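Trainee: I would like the atomic coordinates for the input below:
(chains A and B)
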There are 2 protein chains.
Amino acid sequence: MDAAEFRRRGKEMVDYVADYLENIEKRQVYPDVEPGYLRSLIPEEAPEEAESYEDVVKDIERVIMPGVTHWHSPYFYAYFPTAHSFPAMLADMLCGAIGCIGFSWAASPACTELETVMLDWLGKMLKLPEDFLAGTEGRGGGVIQGTASEATLMALLAARSKIVKLIQADHPERSETDIISKLVAYSSDQAHSSVERAGLIGGVRMKKMPTDSKFSVRGAALQKVLEEDRAAGLIPFFPIHSSNQLQIFFFICKIFWKYSFNFNPHKWLLVNFDCSAMWVKKRSDIIGAFKMEPLYLKHDHQESGIVTDYRHWQIPLGRRFRSLKMWFVFRMYGLKGLQAYIRKHVGLAKEFESLVRADQRFEISADVVLGLVCFRLKGSNELNETLLKRINRARKIHLVPCQLAGKFVLRFAMCARTTESRHVQEAWSHISHLASELLQELPH
Amino acid sequence: MDAAEFRRRGKEMVDYVADYLENIEKRQVYPDVEPGYLRSLIPEEAPEEAESYEDVVKDIERVIMPGVTHWHSPYFYAYFPTAHSFPAMLADMLCGAIGCIGFSWAASPACTELETVMLDWLGKMLKLPEDFLAGTEGRGGGVIQGTASEATLMALLAARSKIVKLIQADHPERSETDIISKLVAYSSDQAHSSVERAGLIGGVRMKKMPTDSKFSVRGAALQKVLEEDRAAGLIPFFPIHSSNQLQIFFFICKIFWKYSFNFNPHKWLLVNFDCSAMWVKKRSDIIGAFKMEPLYLKHDHQESGIVTDYRHWQIPLGRRFRSLKMWFVFRMYGLKGLQAYIRKHVGLAKEFESLVRADQRFEISADVVLGLVCFRLKGSNELNETLLKRINRARKIHLVPCQLAGKFVLRFAMCARTTESRHVQEAWSHISHLASELLQELPH
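Mentor: A predicted model of the protein is given here:
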């Protein structure tokens, strides 16, 4: 395919994408396929000879779409929102065309510099403390990680490296292995699974602290455990303040807040995945975790102190020009547009909450703060499991459950950009109808 | 921006992308900007009110392009090739539109299943042993990782977890920390920096084995070290066969070949970054490394044994629908088209090698096997450093160096899809001219 054909095919694809998104609510939100459905629909091997674009494109509806869970359908209320907007898609097209791998400043200066400035823009929007910003003279700054899992892991590795150096400064006789074997990180029993994973990968003990009725860790409880651990010769080093499971998917993981902070624009801020924003107060902490300098990656400016080589901030070496998405989205929505979008979702969650509260058969399981409503039928876990199964089997809307204080709970997450009040009303009347059917079947 | 505007703007962007790529060789391959250039070109904060798309788009040439290193210019011979093709870009547009997060089978069955089958297609193309393929009944299979760094780390973590379990089965009294502190992984002194990093992250000792004149580790040398380490109470557990630095960027990292294999289609196989293919012989090894099952990610089919939940195979939780790129590229090029593309690049590297060999002032520093030519002026490292500086300062072509057996060497890597013989000839006559200038300045 040459540039001339790309002009034609690209425009056709733009129309396909626009058609898909304009008509997405007509598609069944969750697919009917069984595991293994796809393999039999396509050949067992790649073709020897090139195929035509027409052949490939017609397989999108035949092979792919029947197996897609439509995350951007206004009937999708499962998991968490994943950001999606037209400006972000346009920026991604440009990102693909430039196709640079921005591991160092020299590898594409625009890629590094726009990222630093966009993280400053976002940090200011979130009103982060000044020392998290890079500015022109700051010691802190931001970086785009692929996911919060990677940000959590990087923060933990940076902290691990720092505590080892601090302890060895006073006790040069203690080995790194010995120190690491005594480290303890603390998270909440409501923390995201990625937090526990970071501990496993980094080879450090992780304690999950119990939470209160608001699903928060109490200071006194944490204090007691810290004292016990210190008395036992352990080294507390890494408190992870991750917002609880209820809201985790919106404001995910305020990790290591004293030193670093992580937030996912690719969830609720209209910047398509992947774009997980992470800030540190001291660049040298994160860079020091595992800086490597092979000659083939060196460049003239790197020792100048004024350039950023983002490869030292992350697990992978390669990285795309992801800040273009932030730039397009922030400018084309403006702060007011972004705020209006979040407020709309929060309003819709409140609307759904009112519908649930008005129905005596149901209960709300946790405060509705942002875009997530946790609710359940008053009654057993089994009853709620059955209700959820029926909701998902009907394929009209899609939800997933969670567990709160031993209770099986349904999660209604505001996800799609195009969800409106009518969709929420429709979803509720559907749930309410299925609940009625279910309750009528029960013996009185 | 609504779908109607996206139709218009998307088509304009398709034209911008086509124009950029059709005319890329007219742009200076490496930018003139100094560190910090971008910040002063844009506001310090995101705008309150939405801006127009015209305003955003005109800033691409004003703000972004002056700072771009053009990796897809036929005058770019630095670092390594990063894959780039029109079919991959079209697939990425579709990926962005669907915008699913395929962490489990249920999160979007097509996303998981196409990936498994595409990794089988690619595994067959590479003639991998049968047990690396998933098929319908295999115990192995493939996954797309973001980068080889992540694949290496996952392989190391899986091996670490497996060896700990094996040892604890015989010696239940030994703690995980104790065992990990005795583990040793082995790589070559020519291995990629990501290999050493994986060891640092995983908290295990990593030994870099010296290499011979062909930059390979000799079996006898490795055997000797293994015996010494065993005698010292250490536990050798992880041999990394990574192809040497010369070729590392093409067939990167045959990691842990006995159990897993990694190869980057996003380097030389026309599939835009990111797409790092990793296969394992036993899925259970990699899944066992750190499986977590919070209720909100569970689904009906996951215990059936016939579905794949790729979140257990990788560090991040989220993942894009990246296999679409492989599907589009493999079909639109066909096996023959892909082979022809690789052969063309290898041929161009051979052509450049002949030009170097025909000039008595130069020497070839390592066998030219694939698309990389390592060469230098006969003479001191300083002389070659000066030559490289002048080449890069002239901005006509872009190269980076490497170090081979203490020698400063220039790397001429075949990178861009559109590089032709005339570009290689032009690059050589430019290098040769700068070398003449430099040599004339030297005292006789």
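Trainee: ok, A:V33 to A:S40 distance?
Mentor: A:V33 is 11 Å from A:S40, where distance means Cβ to Cβ, to the nearest Å. The way it works is simple: take the backbone N, C-alpha and C, and place the C-beta from them, glycine included.
Trainee: and if you look at A:G140?
Mentor: Distance from A:G140 to A:S40, counting by Cβ to Cβ: 53 Å.
Trainee: Looking at the two, which one has more neighbours?
Mentor: Comparing A:G140 with A:S40 by neighbour count (other Cβ atoms under 10 Å in any protein chain shown), the higher total belongs to A:G140, at 25 against 8.
Trainee: dump the residue contacts of that one.
Mentor: Applying Cβ atoms under 8 Å, 6 or more residues apart in numbering or on different chains, we find A:G140 in contact with A:131-134, A:279-283.
Trainee: could you dump those residues to TSV with pLDDT, neighbour count and distance to A:I144?
Mentor: Below are the contacts of A:G140 laid out as TSV (pLDDT from 0 to 100; neighbours: other Cβ atoms under 10 Å in any protein chain shown; distance: Cβ to Cβ, whole Å):
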residue	pLDDT	neighbour count	distance to A:I144
A:D131	91	14	20
A:F132	92	22	15
A:L133	94	21	15
A:A134	94	22	13
A:W279	94	26	11
A:V280	92	26	13
A:K281	90	22	18
A:K282	89	17	19
A:R283	89	18	15
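Trainee: Among the residues you listed, name the ones in helices.
Mentor: Those of those mapping onto helices are A:R283, per DSSP state H.
Trainee: what secondary structure does A:R411 sit in?
Mentor: strand (DSSP: H, G, I helix; E, B strand; the rest coil).
Trainee: pLDDT wise, what is it at?
Mentor: The per-residue pLDDT reported for A:R411 equals 97.
Trainee: who touches it in this structure?
Mentor: Shown here is A:R411, whose contacts under the criterion Cβ under 8 Å, 6+ apart are A:77-78, A:372-374, A:399-402, B:296.
Trainee: just those now: which is nearest B:K336?
Mentor: For B:K336, the closest of the contacts of A:R411 turns out to be A:A78, at 42.8 Å, with distances computed as Cβ to Cβ.
Trainee: give me the number of residues near that closest one?
Mentor: Here the number of neighbours of A:A78 (other Cβ under 10 Å) works out to 23.
Trainee: does it count as helix, strand or coil?
Mentor: coil.
Trainee: That one is in contact with A:M414, isn't it?
Mentor: No: proximity of A:A78 to A:M414 does not meet the contact threshold set by Cβ atoms under 8 Å, at 11.3 Å.
Trainee: Buried subset of the contacts of A:R411, written for ChimeraX?
Mentor: Entered in ChimeraX, the line below selects the buried ones among the contacts of A:R411, by 16 or more other Cβ atoms under 10 Å in any protein chain shown:
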select /A:77,78,372,373,374,399,400,401,402 /B:296
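Trainee: Could you export the contacts of A:R411 as a markdown table, including pLDDT, distance to B:L114 and secondary structure?
Mentor: Compiled in a markdown table, those are given as follows (pLDDT from 0 to 100; distance: Cβ to Cβ, whole Å; DSSP: H, G, I helix; E, B strand; the rest coil):
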| residue | pLDDT | distance to B:L114 | secondary structure |
| --- | --- | --- | --- |
| A:Y77 | 98 | 25 | coil |
| A:A78 | 97 | 21 | coil |
| A:L372 | 95 | 30 | strand |
| A:V373 | 97 | 33 | strand |
| A:C374 | 97 | 33 | strand |
| A:L399 | 97 | 25 | coil |
| A:V400 | 97 | 23 | strand |
| A:P401 | 96 | 27 | strand |
| A:C402 | 93 | 29 | strand |
| B:Y296 | 69 | 25 | helix |
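Trainee: Name the nearest residue to A:R39, sequence neighbours excluded.
Mentor: Once flanking residues are discounted, A:R39 sits nearest to B:V117: 5.5 Å by Cβ to Cβ, 6 or more residues apart in numbering or on different chains.
Trainee: what's near enough to touch that neighbour?
Mentor: Shown here is B:V117, whose contacts under the criterion Cβ under 8 Å, 6+ apart are A:38-39, A:42, B:134, B:323.
Trainee: which one of the residues you listed sits closest to A:E51?
Mentor: Each of these was scored against A:E51 by Cβ to Cβ, and A:I42 proved nearest at 11.4 Å.
Trainee: Got phi/psi on the closest one?
Mentor: Note on A:I42: its backbone torsions stand at phi -130, psi 160 [degrees, to the nearest 10].
Trainee: how much space between it and chain B?
Mentor: Applying Cβ to the nearest Cβ, to the nearest Å, the value for A:I42 to chain B is 7 Å.
Trainee: Would you map the strands across chain A?
Mentor: Secondary structure of chain A (DSSP state E): strands at A:141-145, A:183-188, A:205-209, A:235-241, A:254-255, A:260-263, A:276-280, A:362-364, A:372-377, A:400-404, A:407-413.
Trainee: Which of these comes out lowest on mean pLDDT?
Mentor: When the strands of chain A are ranked by mean pLDDT, strand A:254-255 comes last with a mean of 39.
Trainee: so how far is stretch A:176-185 off the chain centroid?
Mentor: Taking Cα atoms, centre = their mean, to the nearest Å, one finds stretch A:176-185 lying 29 Å from the centre of the chain it belongs to.
Trainee: A:L295 - nearest residue in space that isn't next to it in sequence?
Mentor: Take A:L295 and drop its neighbours on the chain: the residue closest to it by Cβ to Cβ, 6+ apart is B:Q403, 4.7 Å away.
Trainee: A:E49 reaches B:K336, doesn't it?
Mentor: Yes: using Cβ under 8 Å, A:E49 is in contact with B:K336, at 6.1 Å.
Trainee: Specify which residues of the stretch 1-150 of chain A, grouped into ranges, have pLDDT under the cut-off.
Mentor: The model of the stretch 1-150 of chain A has no residue with pLDDT under 70.
Trainee: Near chain B, which residues of the stretch 301-444 of chain A? Just list them.
Mentor: On the criterion Cβ under 8 Å from any Cβ of the partner chain, chain B has as its neighbours in the stretch 301-444 of chain A the residues A:301, A:304, A:306-307, A:315-318, A:320, A:324, A:327-328, A:330-337, A:400-403, A:408, A:411.
Trainee: hmm, back to that, nearest to B:P265, out of the strands of chain A?
Mentor: strand A:141-145 (22.8 Å).
Trainee: Could you list every helix and strand that the helix ranked longest in chain A packs against?
Mentor: Longest among the helix segments of chain A by residue count, using DSSP H, is helix A:323-357. For helix A:323-357, the packing partners by 3 or more Cβ pairs under 8 Å, 6 or more residues apart in numbering or on different chains; DSSP states H and E come out as helix A:86-98, helix A:109-125, helix A:265-268, strand A:362-364, strand A:372-377, helix A:421-441, helix B:53-59.
Trainee: Tell me how far stretch A:326-345 lies from the chain's centre.
Mentor: On the basis of Cα atoms, centre = their mean, stretch A:326-345 is displaced by 18 Å from the centre of the chain it belongs to.
Trainee: neighbouring contacts of it?
Mentor: Residues from elsewhere that reach stretch A:326-345, judged by Cβ under 8 Å, 6+ apart: A:81, A:85, A:87-88, A:90-91, A:114, A:118, A:121-122, A:125, A:144, A:265, A:268-271, A:275, A:370-371, A:414, A:417, A:419, B:1, B:46-51, B:53, B:55-56.
Trainee: Please repeat the previous calculation with a cut-off of 6 Å.
Mentor: Taking Cβ atoms under 6 Å, 6 or more residues apart in numbering or on different chains as the criterion, the residues outside stretch A:326-345 that touch it are A:85, A:87-88, A:91, A:118, A:270-271, A:371, A:414, B:46-51, B:56.
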